[in-house]
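[1] kindly generate the corresponding structure for this input.
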Amino acid sequence: MRGGARGFYGLKPRELRKLVEDQGMRISSSPRGRGRRREPPRSDRHAGELGVKLAAAVSASPSFKDMAAIRATAEKVNLMDERLRAAD
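    Here you go, the predicted structure:
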């Protein structure tokens, strides 16, 4: 099954969270997708509704190829951190 355009397996974020929590579990983290260029990934946008407090991000070598790339990567990570803290 894939999330795709239908959302989280056809569920809204709060519905997915309820389904998971009704089974005695919680969503503690989420892999962070790339998202569209000017739009944050779905996992960032719905972190609060899902109850997510951690996000994993891939750090590919182009993200660290030079100081400009490192700064851009740091800005993205800081933005992700701000959104997750705001959702807490």
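[2] which helix runs longest in this structure?
    If you go by DSSP state H, the chain has its longest helix at helix 67-87.
[3] give the buried residues for it.
    T73, K76, M80, R83, L84, A87 (16 or more other C-beta atoms under 10 Å). C-beta coordinates here come from the backbone N, C-alpha and C atoms, glycine included.
[4] from the residues you listed, which is closest to L54?
    The closest of these to L54 turns out to be L84 (C-beta to C-beta; 7.6 Å).
[5] name the residues linked to S29 by a beta bridge.
    On the basis of DSSP bridges, S29 is bridged to L54.
[6] test my guess that it contacts V52.
    Yes - taking C-beta atoms under 8 Å as the definition, S29 is a contact partner of V52 at 6.1 Å.
[7] neighbour count winner among those two?
    V52 (22 against 14; other C-beta atoms under 10 Å).
[8] I'd like to know how far the nearest residue to that one once chain neighbours are set aside sits from F64.
    Leaving out its chain neighbours, the residue that sits closest to V52 by C-beta to C-beta, 6 or more residues apart in numbering is S30, at 4.9 Å. Distance of S30 to F64, given as C-beta to C-beta, to the nearest Å: 23 Å.
[9] of these two, give the one with the bigger neighbour count.
    S30 (21 against 11).
[10] gap between the more buried one and I70?
    24 Å.
[11] ditto for P13
    From P13 over to I70 the distance is 32 Å, taken as C-beta to C-beta.
[12] between the buried residues of helix 67-87, which is nearest G24?
    Nearest to G24 among the buried residues of helix 67-87: A87, at 22.2 Å, using C-beta to C-beta.
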